[in-house]
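Q: Fold the following, please.
(one chain, ligands or ions: 1)
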Amino acid sequence: MDKNFLSVEGLSKRYAAGGPPVFEQVSFGIERGEFVCVIGHSGCGKTTILNVLAGLEAASGGVVIMDQREVRGPSLDRGVVFQSHALMPWFSVLGNVVFAVRSRWPEWPRAKAEEHARRFIEMVGLKGAEHKKPSELSGGMKQRVGIARAFSIEPKMLLMDEPFGALDALTRGVVQDELLKICAATRQTVFMITHDVDEAILLADKIFLMSNGPHASIAEVVVNTMPKTRTRESMHHDPQFYRIRNHLVDFLVHRSRQIQAAQAAGGAAPVTRVVRPGLDNEAQQASAQDSGFSQAAA
Ligand SMILES: Nc1ncnc2c1ncn2[C@@H]1O[C@H](COP(=O)(O)OP(=O)(O)OP(=O)(O)O)[C@@H](O)[C@H]1O
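A: A predicted model of the protein is given here:
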């Protein structure tokens, strides 16, 4: 895997001149093929960071390099999936995906674009619904069309902003499974915002925990040590699941506020810690020695 396929250095964003930055000193790397989830309280700047990565918004400071090129504006190299699926209502499922495919490869004949689109529609479990219009689809189906469309342009990086936030729990589970399958098949690099800690543990290789804004930053990078073969049904049986889950919840309930209070009292922004809470203490120390850097015990 390429180290730091995406590299973010010293990112900050200030909306109001003279006001405090929403976030500052945000630095991280994402490897090619890695799935990263971001969790943090409302208003810490998750969507703003995603928009900067997408090139839809300019940062106030810092730099984003993807695949050795600076991100300066939107590009079909990055696919975006929002909570509201934003499908074109006059097009069928197939038409919506083909439209994206043809904007990526305008030189392709229609038949080739359709064949390509159908492959991704099938991957998200919508075979048979190709000719339905968005108004004939459930929320979960619409979101799957959005995912098929984003994957179909084979972006170098997929950015997802709470893509399942509007779905009921059952549908959400089904679409998460589809996403896991399609990521395993395509080795897609993903940066996804979620408020759901279980979803993050199921999907992510790494979970970024953001401290509260203003002056937010990435306080912790939590490495998901659970086996890649985890499934929604089986992961609850692994003791690592509870260690990781408790660690995430504890951050949201306690540590994020403690960091905020320390900063309000004049302290500096926290230095990003890398933690492996799924491992027991002995395994954590061995892992820290292996990786060559020391890590705080979770
Ligand atoms: N266009 C804008 N103009 C001014 N302020 C903005 C703008 N967009 C976002 N903000 C402010 O920046 C802060 C971060 O917003 P952002 O949407 O990035 O947070 P978030 O972590 O994604 O929140 P949520 O979890 O509620 O979606 C908020 O205080 C928000 O009010």
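Q: which bits of the stretch 1-150 of the chain sit near the ligand?
A: Y15, V22, G40, S42, G43, C44, G45, K46, T47, T48 (Cβ under 6 Å from any ligand atom). Where you see a C-beta, it was placed from the backbone N, CA and C, and this is true even at glycine.
Q: Quick check: closest non-adjacent residue to the first one.
A: Put plainly, it is Y15. Nearest in space to Y15, with sequence neighbours left out and distances taken as Cβ to Cβ, 6 or more residues apart in numbering, is V22 at 6.6 Å.
Q: The helix or strand F191 falls within: how far from the chain's middle?
A: Element membership for F191 (DSSP states H and E) is strand 190-193. On the basis of Cα atoms, centre = their mean, to the nearest Å, strand 190-193 sits 1 Å off its chain's mean C-alpha point.
Q: do the same with stretch 121-140
A: Using Cα atoms, centre = their mean, the offset of stretch 121-140 from its chain centre is 23 Å.
Q: neighbouring strands for the strand holding F191, and are they parallel or not?
A: Within its sheet, strand 190-193 is paired with strand 35-39 (parallel), strand 157-161 (parallel), according to DSSP bridges.
Q: What segments of the stretch 151-298 of the chain are helices?
A: Ranges of helices in the stretch 151-298 of the chain, per DSSP state H, counting those that start in this stretch, are 169-186, 197-203, 239-250, 256-264, 281-291.
Q: what's the most buried one of those?
A: Highest mean neighbour count of the helices of the stretch 151-298 of the chain: helix 197-203, a mean of 22 (counted as mean count of other Cβ atoms under 10 Å).
Q: Restricting to C-alpha, output it in PDB.
A: C-alpha atoms of helix 197-203 as PDB (Å, rounded to 0.1, in the frame of the first residue of the first chain):
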ATOM      1  CA  VAL A 197     -19.900   4.300  16.500                       C
ATOM      2  CA  ASP A 198     -21.000   0.700  15.600                       C
ATOM      3  CA  GLU A 199     -21.000   1.700  11.900                       C
ATOM      4  CA  ALA A 200     -17.500   3.100  12.200                       C
ATOM      5  CA  ILE A 201     -16.200  -0.100  13.900                       C
ATOM      6  CA  LEU A 202     -17.900  -2.300  11.200                       C
ATOM      7  CA  LEU A 203     -16.600  -0.300   8.200                       C
END
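Q: and it, what does it pack onto?
A: The helices and strands touching helix 197-203, judged by 3 or more Cβ pairs under 8 Å, 6 or more residues apart in numbering; DSSP states H and E, are strand 35-39, helix 169-186, helix 239-250.
Q: what's in contact with it?
A: With contact meaning Cβ atoms under 8 Å, 6 or more residues apart in numbering, helix 197-203 is reached by 35, 37, 39, 164, 172, 176, 179-180, 183, 190, 192, 194, 207, 224, 226, 230-232, 235, 241, 244-245, 248-249, 252.
Q: Is it in proximity to the ligand?
A: No - legend: contact between helix 197-203 and the ligand by Cβ under 6 Å from any ligand atom is lacking; minimum distance shown is 13.7 Å.
Q: State the mean pLDDT of that helix.
A: The average pLDDT for helix 197-203 rounds to 95.
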